[in-house]
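next input, structure requested:
(chains A and B)
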Amino acid sequence: DAGVIQSPRHEVTEMGQEVTLRCKPISGHNSLFWYRQTMMRGLELLIYFNNNVPIDDSGMPEDRFSAKMPNASFSTLKIQPSEPRDSAVYFCASSLNRGNEKLFFGSGTQLSVL
Amino acid sequence: GDSVTQMEGPVTLSEEAFLTINCTYTATGYPSLFWYVQYPGEGLQLLLKATKADDKGSNKGFEATYRKETTSFHLEKGSVQVSDSAVYFCALSDQAGNMLTFGGGTRLMVKP
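Next up, the predicted model:
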């Protein structure tokens, strides 16, 4: 298996633009997580899905952030409009099922909002 | 709520030195505890885990013991290598095992 695949690897955009980050979890994994990593705040859980259903989105910073999982093999994290303080590395991770704590992480998307 | 506190880095060691990275936690009930490692430019990978008090997790020469009395899960390695240079994250799971709470990460730099 290719592992968790995220795209793009790097994204540079201007303040106010819409940004869409993409994730393909490992086939057969039922849980998917979006994390944000910054120097100041470390690794923060934004939202997680189980069987394509959002279970906990309490970590989503504000309404500018939204996440979807239309099917078991694809998820998106959208920021609209983007702001410079959104600059971070965004990681997607998946696990086999709910209650399985071994997460498999993608390589992340480095987002820079100018 | 649950929280994890790690020693701040960076930790800089010479090759073959002994490593300790401290981790303490606050949680209700009996969480499982984990160490994840992040190599440059990559996502996190599970290094080791322990699911109950006094359990010892081990992998690749690293080990950590679940100490409930001191709420700690310190990571140790007897002889580090340059290839161990990475950021190490301590984490715990909630009671249902649904979510992981991560510490802030500790950067380890090993010099030849």
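
what's around residue 78, how many residues?
Just so you know, I chose chain A. Per other Cβ atoms under 10 Å in any protein chain shown, the neighbour tally for A:K78 reads 15. No exception for glycine: its C-beta is placed from N, CA and C like everyone else's.

not what I meant, chain B
11.

and what of A:Q17?
13.

now the one 3 residues further on
As a burial measure, A:T20 scores 14 neighbours (other Cβ under 10 Å).

pretty sure it is touching A:K78, no?
Yes. Checked against Cβ atoms under 8 Å, the pair A:T20 and A:K78 is within contact range at 5.0 Å.

element containing A:E44, please.
strand A:42-50 (DSSP states H and E).

contacts for that strand?
For strand A:42-50, the external contacting residues (Cβ atoms under 8 Å, 6 or more residues apart in numbering or on different chains) are A:30-38, A:54-57, A:59-61, A:65, A:67, A:69, A:75, A:77, A:91, A:97-98, B:44, B:89, B:98-105.

any quick ChimeraX command for the buried ones out of these?
Only the buried entries of those go into this ChimeraX selection, using 16 or more other Cβ atoms under 10 Å in any protein chain shown:
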select /A:30,31,32,33,34,35,36,37,56,59,60,65,67,69,75,77,91,98 /B:44,89,98,99,100,101,102,103,104,105
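
how confident was the prediction at A:G99?
A:G99 is assigned 63 on the pLDDT scale.

repeat for B:S32
pLDDT at B:S32 comes out at 91.

pretty sure it is touching B:L46, no?
No. Taking contacts as Cβ under 8 Å, B:S32 lies outside contact range of B:L46: 11.4 Å.

more neighbours: which of those two?
Higher neighbour count among B:S32 and B:L46: B:S32, with 21 against 17, using other Cβ under 10 Å.

and the gap between that one and B:A50?
Applying Cβ to Cβ, to the nearest Å, the value for B:S32 to B:A50 is 7 Å.

can you list the residues that contact stretch A:76-85?
A:13, A:15-23, A:34, A:46-47, A:64-69, A:86, A:90, A:92, A:111, A:113-114.
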